[in-house]
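1. Fold the following.
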Amino acid sequence: MIPAGQLKQIVTLQAPQHPTNKLGPAPTTYVDHSNVRAKVRPLSNNEVARYRQVQLDATIEVTIRYRPFITTLWRIKFRNVTYSITSIINYDFKNENLIIIAKNISSGSDQGASPTNIVAPVLSVSVETYSVSLGTWTANPTSYTYQWQRVELEAANDVYTPITGATNSTYTIQLADQGYNVACQVIAHNAYGTGAAYSDLSGSV
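-> Just a heads-up that it's a prediction; the model follows:
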């Protein structure tokens, strides 16, 4: 177990909230859960490169006491900067310390990172044609692509099926969509990779 004297910083753990509305799941929001003592260490350029080789974006390493409820869906705030969690290490499953690998997702601070969505895309409709907004992204995307989805609502998990050829920012409803919802997946691209996010649901067509 890491000595308490090495946990010299304070970080805020942020828990994800998954609100719903009459159209289905709304964009995830985050609320402050607790302030905890931590050891925070920026990663070197070599470490960042090594993590990229295993498809992990990372900028800092945060060590805290073991907490069983933390997952990669949570976030960390440190010195007014927000980080998404990309990996959690519980060495030898001893439940003593957690080493959290995280990346900076605060606006303007993601040099060398792939895009991360922070405000989900939103649908709008005119007659029978839907349009989708880009949403808000970190890491300065240079281009966007789209994939419209036909969505079947299920009690356990909603089923998303890509609609063949529907890859523009607008989509006109077809006969085959009757009884389904539609949504759009927006994919943001930059020189370091891609990120994806789904819009809200259309409501039953």
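2. contacts and neighbour counts: CA atoms only from here.
-> Noted.
3. what stretches of this protein score poorly on pLDDT?
-> Along the chain, segments meeting pLDDT under 70 span 1-4, 19-27, 53-56, 107-113, 155-157.
4. Which residue ranges of it form helices?
-> 45-53 (DSSP state H).
5. Put the alpha carbons of the biggest strand by length in it into CSV.
-> When the chain is parsed with DSSP state E, its longest strand is strand 29-42. The C-alpha coordinates for strand 29-42 follow below in CSV (Å, rounded to 0.1, in the frame of the first residue of the first chain):
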residue,chain,number,x,y,z
THR,A,29,-23.7,14.4,-17.4
TYR,A,30,-21.3,14.3,-14.5
VAL,A,31,-21.6,15.3,-10.9
ASP,A,32,-19.0,15.7,-8.2
HIS,A,33,-19.0,12.6,-6.0
SER,A,34,-16.1,13.1,-3.5
ASN,A,35,-12.8,14.7,-3.0
VAL,A,36,-10.0,12.2,-2.3
ARG,A,37,-6.2,12.4,-1.6
ALA,A,38,-4.1,11.3,-4.5
LYS,A,39,-0.7,11.1,-6.0
VAL,A,40,-0.8,12.8,-9.4
ARG,A,41,2.0,12.3,-11.9
PRO,A,42,2.1,13.7,-15.5
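6. which neighbours does that strand have in its sheet, and in what orientation?
-> Its sheet considered, strand 29-42 pairs with strand 9-17 (antiparallel), strand 60-65 (antiparallel) by DSSP bridges.
7. Ok, which of those comes nearest His189?
-> strand 60-65 (23.0 Å; CA to CA).
8. Next, the angle from that closest one to helix 45-53.
-> 90 degrees (axes from the mean of the first three to the mean of the last three CA atoms, to 10 degrees).
9. Need the CA coordinates for strand 60-65. CSV is fine.
-> Presented in CSV, the C-alpha positions along strand 60-65 are these (Å, rounded to 0.1, in the frame of the first residue of the first chain):
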residue,chain,number,x,y,z
ILE,A,60,-1.6,11.6,-16.3
GLU,A,61,-1.4,8.8,-13.7
VAL,A,62,-3.4,9.2,-10.6
THR,A,63,-3.0,6.9,-7.6
ILE,A,64,-5.7,6.7,-4.9
ARG,A,65,-6.9,4.4,-2.2
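10. How far off centre is that strand?
-> 20 Å (CA atoms, centre = their mean, to the nearest Å).
11. Show residues contacting that strand.
-> With contact meaning CA atoms under 8 Å, 6 or more residues apart in numbering, strand 60-65 is reached by 7, 36-43, 96-104.
12. Name only those of the residues you listed that count as buried.
-> 7, 37-40, 43, 97-104 (16 or more other CA atoms under 10 Å).
13. Could you provide these in TSV, with additional columns for distance to Gly203?
-> Rendered in TSV, the data for those read as follows (distance: CA to CA, whole Å):
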residue	distance to Gly203
Leu7	49
Arg37	44
Ala38	44
Lys39	46
Val40	44
Leu43	44
Asn97	45
Leu98	41
Ile99	42
Ile100	38
Ile101	38
Ala102	35
Lys103	35
Asn104	34
